[in-house]
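A.B. asks: The sequence and its predicted three-dimensional model are supplied below.
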Amino acid sequence: MKKALTIAIRYGVVRRQGTLKGRLEKQIIDYKTHQQRLIPLLATAYAMNFTGLEAIRIYENLMSVLGTTKPGDPKMGEAIDALKETHATAAGIKAFCT
């Protein structure tokens with residue numbers, strides 16, 4: 001999505017809508033309809049990117065907790081709670097991004 005939007009936005013910046021009495025017309029990115037189609041998609045791409053980064057941080061935190069916890073350790077409940085949170089977050093992200 002990020003690559004496709006990069007191409008579309010660059011095209012909108014470079015492409016001009018014909019000529020008008022010897023001078024160049026506006027870039028198509030300056031037209032409201034073009035902006036209304038691309039800017040929400042760009043915002044969604046950023047939201048998905050930052051959500052993915054946060055999911056990675058949560059996963060890495062889970063792995064560090066699981067790596068230091070042994071069976072019978074009092075921190076096992078904390079590790080299981082972190083596992084549940086990571087699973088729920090990943091499932092929600094999958095539903096949101098697809």
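C.D. replies: Noted; the coordinates are in hand. Small disclaimer: the values here were computed from a predicted structure and weren't measured.
A.B. asks: From residue 43, how far off is residue 11?
C.D. replies: From residue 11 across to residue 43, the span is 19 Å (C-beta to C-beta, to the nearest Å). The way it works is simple: take the backbone N, C-alpha and C, and place the C-beta from them, glycine included.
A.B. asks: neighbour-wise, which of those two wins?
C.D. replies: Legend: neighbour count by other C-beta atoms under 10 Å for residue 11 and residue 43, higher for residue 11 (14 against 10).
A.B. asks: Where does that one fall, secondary structure wise?
C.D. replies: Element membership for residue 11 (DSSP states H and E) is helix 2-14.
A.B. asks: Return the alpha-carbon coordinates of that helix using CSV.
C.D. replies: The C-alpha trace of helix 2-14 is given here as CSV (Å, rounded to 0.1, in the frame of the first residue of the first chain):
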residue,chain,number,x,y,z
LYS,A,2,2.8,2.4,0.9
LYS,A,3,4.6,1.8,-2.4
ALA,A,4,1.4,2.2,-4.5
LEU,A,5,0.6,5.4,-2.7
THR,A,6,4.1,6.7,-3.3
ILE,A,7,3.7,6.1,-7.0
ALA,A,8,0.2,7.7,-7.1
ILE,A,9,1.2,10.8,-5.1
ARG,A,10,4.4,11.3,-7.1
TYR,A,11,2.4,11.0,-10.3
GLY,A,12,-0.1,13.6,-9.0
VAL,A,13,2.8,16.0,-8.3
VAL,A,14,4.4,15.6,-11.7
